[in-house]
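Trainee: mind folding the following:
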Amino acid sequence: MKKGLFFTFAVMAAATPSEAAQETMVVTCNSPENHQAELMAQELATVPGGTNLIDTQTLSGSQSSLARVLSQQQGIVVQEFFGGNDQPRINIRGSGLQDNPVNRGIQLLSDGLALNQADGSFVIGLIDPEQAQLISVYRGANAMRYGATTLGGAINFHPKTGLNHTSEFSLEAGSFGFYKAGAILAQTMRGWDMLLSLNHSEQDGYRTNSGADRQSVGANFGYRTENWTTRTALNFTENKFEIPFLLPKARAQSNPDQVMGEGHEPMDELLNIPVRQPFRHTRQIRLANKTIWQQSTSEHQVGLYAEQLEDTFRNPLTQAETDHLNIGADLSSRFETLQEDYRLTEYLLFLSANYGTMPRTFASVDPIDGTLMDPFADLDFHASNIVLGAQVRHELWPDLFVIGALQWVKNDRDITDKMNAGVLDSHFDYQSFNPKVGLTYQTSPTLRLYGNLSGSAEAPNFWQLATISANPTDPLNNHVYINPLTVQRATTVELGLHYAPQPFQLNASWYYAVVEDELIAVVGDFAVNGKTINYDSHTIHHGLETTLRYDTEFDQAKLSGQLLYNWSDFFFQEGQYQGNLIAGIPEHLIQGHLDVLYQERWRVVPNFTWQPKETFTDHLNNKDNTQDDYLLFGLQVAYEPSHSFSIFLDIQNLANTSYQTAYVIRGQGAPDLPTFIPGPGFNAIFGAKYTW
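Mentor: Numbering: from 1, shown residues only. Here you go, the predicted structure:
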């Protein structure tokens with residue numbers, strides 16, 4: 001096939017067997033000592049593309065899971081798996097949406113330092129959103145500065161500190177045996193600030209084998225002078241959840257709390273969840289430091305991090321145990337010059353690098369009693385990455401800026417077979433150049449326009465390069481094979497605006513991405529044999545991300561309304577599935593809420609999520625095995641009798657609607673195959689918080 005001309009250039013060698021108005025969801029600064037939110041909003045306003053800024057202190061209801069915090073956000077599609085701190089599918093512009101569970105496609109960061117493992121993968125259940133004060137989202141190639149090379153972009157969690165947060169104690173309890181307790185101790189002293197965060201949560205789950213518990217401890221301390229600041233953070237997280245697995249369509253509709261093994265069909269014997277008991281248990285300890293030096297016309301940052309992670313992941317047929325050790329650094333320098341005509345030019349240089357080892361063993365699950373059999377594979381993985389980039393931002397004339405950037409990326413992936421010497425040994429070397437040009441124009445105090453043409457390139461991770469082949473009836477023949485893959489490349493054009501004629505605010509981003517060698521998952525019959533391929537022809541990711549807000553005040557009340565619409569038209573332009581939609585993403589997603597605050601004490605927030613059209617779960621677009629359309633209603637009520645004490649009630653699926661929250665994505669599906677994860681029925685969480 002003749003390859004197209006792409007704005008990203010990639011090479012693979014493999015041996016294998018101006019203070020513009022901001023586009024934000026919420027902008028609020030809660031502490032007079034800390035202008036972090038305003039500064040972050042100003043920074044995002046310089047980006048010639050779609051961004052979000054989420055102030056977690058303004059969110060209503062429970063923030064006990066990442067899926068809850070990122071829901072109702074422009075350009076972000078959340079598909080919950082089992083309703084807790086497990087592995088929800090977080091999708092931005094279709095990046096990584098194929099994977100089950102999601103483990104790539106987005107760069108996750110804490111205070112600008114990478115949370116992804118060295119091979120680019122991540123365990124999304126480790127992220128505790130309640131440790132974040134702000135969350136900034138760079139949708140698409142707009143995350144180039146932070147080393148993100150993915151089509152989806154980056155999500156940066158800015159931590160709560162002694163400067164931006166107070167001490168507090170919170171309790172929550174709710175449906176399906178949910179319980180959570182958390183405490184924050186914050187202190188400032190001269191140039192120092194310190195914060196300690198403790199959290200514990202647990203739940204029984206709404207299905208068999210869907211319990212979960214999680215503990216996290218986070219501590220950070222910082223020191224600041226007039227010209228420099230430094231902050232060190234230490235985090236420990238242990239997250240464990242059971243996996244109730246999937247159901248065929250009819251059973252997901254009629255018996256949503258059931259699991260395979262509780263029925264009387266042949267597939268129940270093959271995938272007996274009460275016997276096989278799939279789960280994931282992950283422990284992580286992470287140490288990081290970030291230091292910033294500021295001068296009159298320049299700023300320099302140095303970030304260092306190291307983490308150790310133990311991950312045991314059992315699906316119904318096999319279990320993988322991985323020990324991760326990951327170290328990394330992030331360096332950047334920013335310079336400003338002011339021309340004689342007062343036009344501004346900014347220069348940015350950045351370098352990020354990390355290296356990790358992740359030995360992984362694979363063993364089969366005994367189909368009779370669920371015990372673990374002897375390992376059938378023992379592989380040593382080594383990965384390293386270097387991202388070197390530069391950006392120039394120049395003011396052509398007042399409030400019109402042109403931006404040019406270039407990113408060079410080198411990814412190395414090494415596989416060593418420790419069980420069968422040399423049999424699976426492989427080396428993959430990927431190199432890419434990702435350019436970007438963009439414009440931002442503040443035409444008036446209420447209107448900002450932007451556009452960009454960007455390249456991105458994403459290398460595969462070890463879950464995709466070393467693939468399991470498993471059979472529920474023949475566990476002794478389960479094995480791992482090497483799956484050689486190349487880089488996924490994309491060229492994206494994006495146009496957007498931020499228009500804020502009070503009391504309205506409109507944000508809109510249109511994008512069109514041509515993707516070559518897209519990493520597409522082709523899942524086998526039992527939904528556990530997932531193989532990733534480079535699709536042999538072009539795919540198109542085309543969409544529109546919009547938000548309309550309305551804010552007003554009357555008498556003793558404040559009213560804020562928000563309506564979101566995400567349109568996703570992703571399709572195969574050529575090749576095997578030519579003309580079909582790429583499975584896994586709702587074409588239309590409409591969300592909204594009305595936020596009423598009365599007398600600064602009572603808060604009522606009704607909300608809804610609407611998928612008005614069925615969604616294909618396979619690339620052949622089988623109409624007999626689609627995710628049903630659905631409409632969900634929620635309600636949050638809060639009362640704050642004093643500035644130090646508050647209570648809330650958070651109700652989801654108010655109408656007790658039957659729906660499928662997520663599903664496995666296949667090349668070709670069938671109604672009798674286990675494909676769907678039923679969404680929970682009516683559920684509620686009651687919470688209380690005391691601050692001092």
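
Trainee: longest helix of the protein?
Mentor: The longest helix of the chain (DSSP state H) is helix 36-45.

Trainee: so which elements touch it?
Mentor: strand 51-55, strand 132-139 (3 or more Cβ pairs under 8 Å, 6 or more residues apart in numbering; DSSP states H and E). C-beta: built from backbone N, CA, C; applies to glycine.

Trainee: what is the burial count for the nearest residue to residue 253 once chain neighbours are set aside?
Mentor: Nearest residue to residue 253, sequence neighbours excluded (Cβ to Cβ, 6 or more residues apart in numbering): residue 658, at 6.1 Å. By other Cβ atoms under 10 Å, 15 other residues sit near residue 658.

Trainee: now the element after the top strand by length along the chain, going C-ward?
Mentor: Counting residues, the longest strand in the chain under DSSP state E turns out to be strand 372-397. Downstream of strand 372-397, the first helix or strand assigned by DSSP states H and E is strand 400-417.

Trainee: adding distance to residue 389, write the helices and strands packed on helix 36-45 out as TSV.
Mentor: What follows is the helices and strands packed on helix 36-45, written out as TSV (distance: least, Cβ to Cβ, whole Å):
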stretch	distance to residue 389
strand 51-55	18
strand 132-139	14
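
Trainee: one step back: for the longest strand of the chain, what is the distance to the chain centroid?
Mentor: Distance, stretch centre to chain centre, for strand 372-397: 16 Å (Cα atoms, centre = their mean, to the nearest Å).

Trainee: for that strand, which positions count as buried?
Mentor: Across strand 372-397, burial judged by 16 or more other Cβ atoms under 10 Å covers 376-379, 381-389, 391, 393-395.

Trainee: got a pLDDT number for the nearest residue to residue 522 once chain neighbours are set aside?
Mentor: Distances taken as Cβ to Cβ, 6+ apart place residue 667 nearest to residue 522, at 4.4 Å, with adjacent residues excluded. If you check residue 667, the pLDDT there is 86.

Trainee: go ahead and confirm residue 109 touches residue 159.
Mentor: No - the criterion here is Cβ atoms under 8 Å, and residue 109 misses it with residue 159 at 11.0 Å.

Trainee: okay, now the unreliable bits of the chain?
Mentor: Where the chain drops to pLDDT under 70, the residues are 1-34, 83-84, 100, 524-528.

Trainee: quick check on the residue nearest to residue 576 when sequence neighbours are not counted: phi, psi?
Mentor: Counting by Cβ to Cβ, 6+ apart, residue 576 lies nearest to residue 536, which is 7.1 Å off, once chain neighbours are set aside. Main-chain torsions, residue 536, degrees, to the nearest 10: phi -80, psi 0.

Trainee: surely residue 330 is in a strand?
Mentor: Yes - under DSSP: H, G, I helix; E, B strand; the rest coil, residue 330 sits within a strand.

Trainee: tell me how far the residue lying closest to it once chain neighbours are set aside lies from residue 76.
Mentor: Sequence neighbours aside, residue 303 is the residue nearest to residue 330 in space, at 4.0 Å (criterion: Cβ to Cβ, 6+ apart). Distance from residue 303 to residue 76, counting by Cβ to Cβ, to the nearest Å: 25 Å.

Trainee: for residue 317, same thing?
Mentor: 32 Å.

Trainee: repeat for residue 48
Mentor: Using Cβ to Cβ, residue 48 is found at 20 Å from residue 76.

Trainee: so between those two, which is more surrounded?
Mentor: Remark: of residue 48 and residue 76, residue 48 carries more neighbours, 27 against 24, as counted by other Cβ under 10 Å.

Trainee: so is that one in a helix, a strand, or just coil?
Mentor: Taking three-state DSSP, the label given to residue 48 is coil.

Trainee: wait, what's in contact with the residue lying closest to residue 305 once chain neighbours are set aside?
Mentor: Nearest residue to residue 305, sequence neighbours excluded (Cβ to Cβ, 6+ apart): residue 288, at 3.9 Å. Residues in contact with residue 288 (Cβ atoms under 8 Å, 6 or more residues apart in numbering) are 110-111, 113, 232-233, 303-306.

Trainee: and for residue 598?
Mentor: 556-557, 604.

Trainee: go again with 10 Å.
Mentor: Listed by Cβ atoms under 10 Å, 6 or more residues apart in numbering, the contact partners of residue 598 are 555-559, 604.

Trainee: tell me the one of those nearest residue 324?
Mentor: residue 604 (44.3 Å; Cβ to Cβ).

Trainee: show me what the closest one bridges to in the sheet.
Mentor: residue 596, residue 637 (DSSP bridges).

Trainee: likewise residue 52?
Mentor: residue 137.

Trainee: please apply the same query to residue 433.
Mentor: Counting by DSSP bridges, residue 433 is bridged to residue 9, residue 408.

Trainee: so it touches residue 405, yeah?
Mentor: No - at 11.2 Å, residue 433 does not count as touching residue 405 under the criterion of Cβ atoms under 10 Å.

Trainee: who has more neighbours out of those two?
Mentor: Under the criterion of other Cβ under 10 Å, the comparison of residue 433 against residue 405 puts residue 405 first, with 22 against 15.

Trainee: shouldn't that one be in contact with residue 437?
Mentor: Yes - at 7.8 Å, residue 405 and residue 437 qualify as touching, with contact defined as Cβ under 10 Å.

Trainee: need the overlap of contacts for these two.
Mentor: Residues touching both residue 405 and residue 437 (Cβ under 10 Å, 6+ apart): 48, 452, 454.

Trainee: skipping its backbone neighbours, what lies nearest the second one in space?
Mentor: Closest residue to residue 452 in three dimensions, ignoring its sequence neighbours and counting by Cβ to Cβ, 6+ apart: residue 438, at 3.5 Å.

Trainee: quick one: that neighbour from residue 133, how far?
Mentor: The value you get for residue 438 to residue 133, if Cβ to Cβ is used, is 28 Å.

Trainee: same deal with residue 113?
Mentor: Residue 113 is 16 Å from residue 133, where distance means Cβ to Cβ.

Trainee: one more: residue 396?
Mentor: Residue 396 sits at a distance of 35 Å from residue 133 (criterion: Cβ to Cβ).

Trainee: any idea how many residues pack against residue 655?
Mentor: Quick note: residue 655 (other Cβ under 10 Å) scores 12 neighbours.

Trainee: could you point out the helix or strand that follows the helix or strand where residue 326 lies?
Mentor: Using DSSP H and E, the element containing residue 326 is strand 318-338. As assigned by DSSP H and E, the chain's next helix or strand after strand 318-338 is strand 344-357.
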